[in-house]
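Participant: starting from these lines, generate the structure:
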Amino acid sequence: MQLLSVFLFSLSANIDGLTVGLAYGIKDIEISYKSNILIAIITSIGTFVSMTIGLFARKFIPIEILSIIGCIILILIGLSIIISSLKNKEERTKDIKNEDITYTEILKKPQKADKDNSGYIDTREAFTLGLALSLNNFGLGVGASATGINIYLTTIFTFILSILCIIIGVKIGRKYLSKSLRKYADLISGIVIIFLGLYELFI
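Facilitator: From the prediction side, this is the model:
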């Protein structure tokens, strides 16, 4: 039971990584194993930190109540992801001709992480991308930890799935299966997170 929750959380947390891989595959942007591992390390650290915060909160709030709050947070995060994906945001935050790229922009257009347009993600760019992914999943980690999901197991799973999702995403992206799949990545992520929240709430 615990393993299923850990797997579902790690999978939903890495859907963004899969989307990033798909985007790179389409644009034929290379991401080395070293850069991929760096992204996985940063994402895993982000998961560990956010889940530790959730675990710390359990010392002050009764476990039963915190578990319910955690489940509600997960469900709300899942719903917000689904709603925003259905809104088809064509309100692209008016391209302010700024050299600075926000973490949100990197997740919307992963190719922006390749700041020098080299067609290759170096370690500095990988660091920025990893930070964007971990910040995006921060609330998810706090909510999951509050439900009692094992932190250490989840961190390990997140590391492994982060590497796999980017590799798989790039491969699929290069074979043109990505454009259709990418549209639904947020929707899939939202559904998985809601399922995880409901699973932890009732089981």
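
Participant: my read: Gly143 touches Ile68, true?
Facilitator: No - contact criterion Cβ atoms under 8 Å: Gly143 and Ile68 do not qualify, at 11.1 Å. All C-beta atoms are positioned from the backbone trio N, CA, C, and that covers glycine.

Participant: Gly25 versus Val49, what's the distance?
Facilitator: Val49 is 30 Å from Gly25, where distance means Cβ to Cβ, to the nearest Å.

Participant: Glu125 too?
Facilitator: From Glu125 to Gly25 the distance is 17 Å (Cβ to Cβ).

Participant: quick revisit: which one of Gly143 and Ile68 is surrounded by more residues?
Facilitator: Comparing Gly143 with Ile68 by other Cβ atoms under 10 Å, the one with more neighbours is Gly143, at 28 against 15.

Participant: tell me which helix or strand the residue lying closest to the more buried one once chain neighbours are set aside sits in.
Facilitator: Excluding its sequence neighbours, the residue lying closest to Gly143 (Cβ to Cβ, 6 or more residues apart in numbering) is Ile73, at 3.4 Å. In this structure, Ile73 sits in helix 63-86 according to DSSP states H and E.

Participant: helix or strand with the lowest mean pLDDT in this structure?
Facilitator: Sorting the helices and strands of the chain by mean pLDDT, DSSP states H and E puts helix 103-108 at the bottom, at a mean of 56.

Participant: before we move on, back to that, identify the residues contacting the residue nearest to Gly143.
Facilitator: Residues in contact with Ile73 (Cβ atoms under 8 Å, 6 or more residues apart in numbering) are 139, 142-143, 146, 197.

Participant: pull out the buried members of the residues you listed.
Facilitator: Those of the contacts of Ile73 that meet the buried threshold are 139, 142-143, 146, 197, by 16 or more other Cβ atoms under 10 Å.

Participant: count of neighbours near the closest residue to Leu187 other than its chain neighbours?
Facilitator: Spatially, and ignoring its direct neighbours in sequence, Leu187 is nearest to Ser85 (5.0 Å; Cβ to Cβ, 6+ apart). If you count neighbours by other Cβ under 10 Å, Ser85 ends up with 17.

Participant: my guess is Ser85 meets Leu79, correct?
Facilitator: No - the criterion here is Cβ under 8 Å, and Ser85 misses it with Leu79 at 10.8 Å.
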